[in-house]
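1. The amino acid sequence is not available; the structure is as follows:
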């Protein structure tokens, strides 16, 4: 801290962006407030482009700074005098904390930080050699009253992605596809990804929000679909199984087998089951049930195979009807119903 030389330090696993920002959040919590300005070094995790007059911070780092209402002013490159107090604090931490822990073995970052904490308190309460008081006393008198208050909720780490919305109005994040309004197809959108949510932005305007789910699949909101796609969207797994139940047991069994496939997205499964069920409109429930019985027996789940079977079944039925109609109804070798009385 600028006036009191009050120090905070901790051990982290890496200097990656996630750990870098998390250390800031824990620092502010330790101080019990937020300073007006933070002066970091030009660490790649935090500063994208070092510049004397107009440095560029990482998007996530800027997001954190906006959440706490703090300004980020990186030092100039190769200019340790820009943060002389920090350089001195590093020296004090090496002498008063790291030197005392150098012979100890720690098996986790948490264990090491528990060992650092009492040594850090002792360092801040150590009397100055040339000044009166301690770092902690000066902090409480000078720096603490000048700090801004902490926000109601701590910052939730977020990463930013940029992409163009494809013609399927979905964006892939991890193993899952998330929908965005179709009106933004072809537009460049920004995605803010946190541990729990995804937010879509177009020109700084939020256009969509989803609950994050890392399981493979697709998440589509109906209001994001074009009008022509919304009619199809009313057919989900529940309504399709209800329709299959009205057709018959074999049709329901086939629909369940398709839905239980693990290598297809749910939308692909729903579309295939819908296509199979709509065959009943052209060929009737009886023939569809017979085709599904054949499909279940031979472990067939493809729409085209079922269509081929139904068409072949219709051809065979038509041939049988033709043969029956062409048979003579009166013949000396034909016995009628009276014969069996």
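-> Arrived safely, thanks for sending. Computed from a predicted model, the values in this text were never measured in an experiment. Numbers count the residues shown, from 1 in each chain.
2. drop to CA atoms for contacts and neighbour counts, all remaining ones
-> OK.
3. ok, residue 98 to residue 87 distance?
-> According to CA to CA, to the nearest Å, residue 98 and residue 87 sit 15 Å apart.
4. cool, residue 223 as well?
-> Distance of residue 223 to residue 87, computed by CA to CA: 55 Å.
5. do the same with residue 183
-> Using CA to CA, residue 183 is found at 52 Å from residue 87.
6. What about the closest residue to residue 267 other than its chain neighbours? Give its phi and psi, please.
-> Closest residue to residue 267 apart from its sequence neighbours, by CA to CA, 6 or more residues apart in numbering: residue 218 at 7.5 Å. Phi and psi for residue 218, reported as degrees, to the nearest 10, are phi -140, psi 140.
7. who touches residue 218 in this structure?
-> Residues near residue 218 by CA atoms under 8 Å, 6 or more residues apart in numbering: 176, 177, 178, 265, 266, 267.
8. just the buried members of those residues?
-> The neighbour count (16 or more other CA atoms under 10 Å) marks 176, 177, 178, 266, 267 as buried among the contacts of residue 218.
9. tell me the contacts of the fourth one?
-> The one in question is residue 266. With CA under 8 Å, 6+ apart, residue 266 has these contacts: 217, 218, 259.
10. And those, which is closest to residue 56?
-> Minimum distance to residue 56 across the contacts of residue 266 is 35.2 Å, recorded for residue 218 (CA to CA).
11. how much space is there between that closest one and residue 183?
-> Using CA to CA, residue 218 is found at 19 Å from residue 183.
12. before we move on, what about residue 96?
-> As defined by CA to CA, residue 96 lies at a distance of 60 Å from residue 183.
13. okay, those two: which has more neighbours?
-> More crowded of residue 96 and residue 183, by other CA atoms under 10 Å: residue 96, with 15 against 12.
14. Would you check that residue 179 makes contact with residue 222?
-> No: with contact defined as CA atoms under 8 Å, residue 179 does not count as touching residue 222 (9.1 Å).
15. who's more crowded, the two?
-> Remark: of residue 179 and residue 222, residue 179 carries more neighbours, 23 against 15, as counted by other CA under 10 Å.
16. Per-residue pLDDT of the spatially closest residue to the more buried one that is not a sequence neighbour, please?
-> In space, and not counting its chain neighbours, residue 179 is closest to residue 170: 4.3 Å by CA to CA, 6+ apart. pLDDT for residue 170: 91.
17. Number the chain from 14, please
-> Yep, numbering from 14; the last one is residue 183 now.
18. Surely residue 183 and residue 197 touch.
-> No: using CA under 8 Å, residue 183 is not in contact with residue 197; the gap is 10.4 Å.
19. Among the two, which residue is more densely surrounded?
-> Taking other CA under 10 Å, residue 183 and residue 197 do not tie; residue 183 has more neighbours (21 against 17).
20. Residue 165: which of the contacts of residue 279 is nearest?
-> Residue 165 lies nearest to residue 231 out of the contacts of residue 279, by CA to CA, at 33.9 Å.
21. Who does the closest one form a beta bridge with?
-> On the basis of DSSP bridges, residue 231 is bridged to residue 190.
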